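**Student:** coords please:
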Amino acid sequence: MDKLVDTFTNRLNKAISLRNIKPIELSEKTGIDKSKISSYMSGRYKAKQDGVYLLAHALNVSEVWLMGYDVPMKRKREESNVFPTTDIPKKVPVVGRISAGLPILATENIEGYEFAPSSQIKDGYTYFYLRVQGDSMNLKFNEGDIVLVQKQDTLENDEIGVILVDGNDATVKKYKAENGLVILEPMSTNPENTVQIYNPKNISIKIIGKVISYQGKI
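**Tutor:** Sure thing, here's the model as predicted:
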């Protein structure tokens, strides 16, 4: 097994120097914000797999080498160990909140863009990232994380979804429908987050979409 002999930060800075490319140029080539690239170069953050793929491709180096492993710097024809070359990252909008009466992807809602692997993106669906607020799902993801949502108006029992209740801001919860009732279950270490039970005949319940993956704070 290849050994980890260097840091992602050192390798990134070395590649940038060898390729004689400026961070702003790298940002334009990859679609990654310049501020985020600066954070990678300073060691404040480490890129996730989709970011590593984009950076390695733009710098024409091996993804595995860029991650700090003892492998040749030269990029192979296929880099299947880290992020399949056929799985091209897709740019997805990040939404800060969802409220009734305003389209999800309205300009006012979009706070930026991140990447999702194309293997998670199906034709015919709309996708967006939603930034998590609060601690009601902290057994799965934390406040500030982003969850990838496939827009749809139905959910199966025990799926995690984004639901709009009575026109308030949308909530992320584990969904269940039983005996004509909708049950929204938190997955939290905070006992103040309790199960919510609603009768759709008496209160508006609108399913916005299904959570299919998530990323930590970025």
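**Student:** am I right that residue 169 is in contact with residue 102?
**Tutor:** No. Residue 169 sits out of contact with residue 102 when judged by C-beta atoms under 8 Å, with a separation of 10.7 Å. Where C-beta positions appear, they are placed from N, C-alpha and C, glycine not excepted.
**Student:** show me where the protein has helices.
**Tutor:** Along the chain, the segments classed as helices by DSSP state H run 8-19, 23-30, 34-42, 49-59, 63-66.
**Student:** export these as a markdown table, with columns for distance to residue 142, mean pLDDT and mean neighbour count.
**Tutor:** Below are those laid out as a markdown table (distance: least, C-beta to C-beta, whole Å; pLDDT from 0 to 100; neighbours: other C-beta atoms under 10 Å):
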| stretch | distance to residue 142 | mean pLDDT | mean neighbour count |
| --- | --- | --- | --- |
| helix 8-19 | 22 | 93 | 17 |
| helix 23-30 | 26 | 88 | 16 |
| helix 34-42 | 19 | 92 | 16 |
| helix 49-59 | 20 | 85 | 21 |
| helix 63-66 | 27 | 88 | 22 |
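**Student:** of the ones you listed, which is nearest residue 96?
**Tutor:** helix 34-42 (17.4 Å; C-beta to C-beta).
**Student:** mind exporting the closest one as PDB, just the C-alpha atoms?
**Tutor:** C-alpha atoms of helix 34-42 as PDB (Å, rounded to 0.1, in the frame of the first residue of the first chain):
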ATOM      1  CA  LYS A  34     -10.300  31.700  -4.800                       C
ATOM      2  CA  SER A  35     -10.800  32.100  -1.000                       C
ATOM      3  CA  LYS A  36     -11.200  28.300  -0.700                       C
ATOM      4  CA  ILE A  37      -8.100  27.700  -2.700                       C
ATOM      5  CA  SER A  38      -6.200  30.100  -0.500                       C
ATOM      6  CA  SER A  39      -7.500  28.100   2.500                       C
ATOM      7  CA  TYR A  40      -6.200  24.900   0.900                       C
ATOM      8  CA  MET A  41      -2.800  26.500   0.300                       C
ATOM      9  CA  SER A  42      -2.500  27.800   3.900                       C
END
